[in-house]
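S.K.: Pasting a predicted model and its sequence here:
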Amino acid sequence: MRLYGLILLGAAVLLAKVSANSDAQAATSFATAEHSVSTNRFLRVSEISEVGNEERVISTKIIPGADLVSNFVLKQWLAVLLKTNTNTDNVYAMLKLNAADDNIFQNSRFLAWATYVEKYNAQHPGQPSSMLPKLTKKYGNERLGTILDAAKHVESTKNLATNLQTEQMKVWKGAKLSTDDLFSMYKLQGGAPDLLASPGLRIWIR
């Protein structure tokens, strides 16, 4: 029982790390969720706050099974937010994805956000939410294009990256970017020795 308690505590600490500094709207979402969803199924806000101060002294990496529990907790937490219609931009902020690096497609929180966006759009077919604006704002067109191109070559992220890449191209077409603009954006004018291996070239010719 002691080990089980440590696992649960570790999972709650991990979630607290994600949500600790969320804005007032995030806090309201949690509070609303407590009243709308059975506490037997979802993590209570009070449970998060009670362990928040333990974050500095407990490492979930040394607790057996902590990753499985934390993933379960994350899914339940996102289910609460979905029930309270928390918009996708706020969830992005709660998950602190703006701090992610270029390997964002390997980030479990990012993939959880992608799933959240898909489910949110299923509930709001008339007002779909896109992941692209947030990602473009964070990385810029050129950098994001390269990230998407790399993610397309990984089986587990291929479909998501392809969909985002297609959407990105539609945005560029709507902005009337020419092939010359894209060629310049990806810095292909110089004819570098590794030009044929350049992700930018693959993006430019697609």
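M.R.: Sure thing, it's come through.

S.K.: Kindly report the domain assignment for this protein.
M.R.: Each domain of the chain is listed here as a residue range: 1-86, 88-206, per automatic domain parsing.

S.K.: hey, least reliable of these by pLDDT?
M.R.: Lowest mean pLDDT of these: domain 1-86, a mean of 53.

S.K.: And residue 138, how close does it get to residue 72?
M.R.: Distance of residue 138 to residue 72, given as Cβ to Cβ, to the nearest Å: 28 Å. No exception for glycine: its C-beta is placed from N, CA and C like everyone else's.

S.K.: With neighbour numbers in mind, choose between the two.
M.R.: With neighbours defined as other Cβ atoms under 10 Å, residue 138 and residue 72 compare such that residue 138 has more, 16 against 12.

S.K.: need the helices for this protein, in chain order.
M.R.: Applying DSSP state H to the chain gives helices spanning 2-19, 24-36, 45-51, 66-83, 88-94, 108-123, 132-139, 141-151, 158-174, 179-185, 199-205.

S.K.: how about the fifth one: buried residues?
M.R.: Using 16 or more other Cβ atoms under 10 Å as the burial criterion, the residues of helix 88-94 that qualify are 88, 91-94.

S.K.: ditto for stretch 118-138
M.R.: So, applying 16+ other Cβ under 10 Å, buried residues of stretch 118-138: 120, 129, 131-132, 134-136, 138.

S.K.: check contacts around residue 121.
M.R.: 128-129 (Cβ atoms under 8 Å, 6 or more residues apart in numbering).

S.K.: tally of neighbours for the closest residue to residue 71 other than its chain neighbours?
M.R.: In this structure, residue 71 finds its nearest non-sequential neighbour in residue 108, 7.0 Å apart by Cβ to Cβ, 6 or more residues apart in numbering. Look at residue 108: counted by other Cβ under 10 Å, it has 12 neighbours.

S.K.: when you give positions from now on, start the count at 33
M.R.: Happy to do that; since the first residue is 33 now, the last one works out to residue 140.

S.K.: so residue 140 touches residue 110, yeah?
M.R.: No: Residue 140 is beyond contact range of residue 110, at 11.9 Å (criterion: Cβ atoms under 8 Å).

S.K.: Next, work out how far apart residue 105 and residue 168 are.
M.R.: To residue 168, residue 105 is 30 Å away according to Cβ to Cβ.

S.K.: what do you get for residue 199?
M.R.: Going from residue 199 to residue 168 by Cβ to Cβ gives 10 Å.

S.K.: Ok, residue 120 next?
M.R.: Residue 120 sits 14 Å away from residue 168, going by Cβ to Cβ.

S.K.: do residue 111 as well
M.R.: 28 Å.

S.K.: for residue 132, same thing?
M.R.: Taking Cβ to Cβ as the measure, residue 132 falls 14 Å from residue 168.

S.K.: next one: residue 200
M.R.: As judged by Cβ to Cβ, residue 200 and residue 168 stand 8 Å apart.
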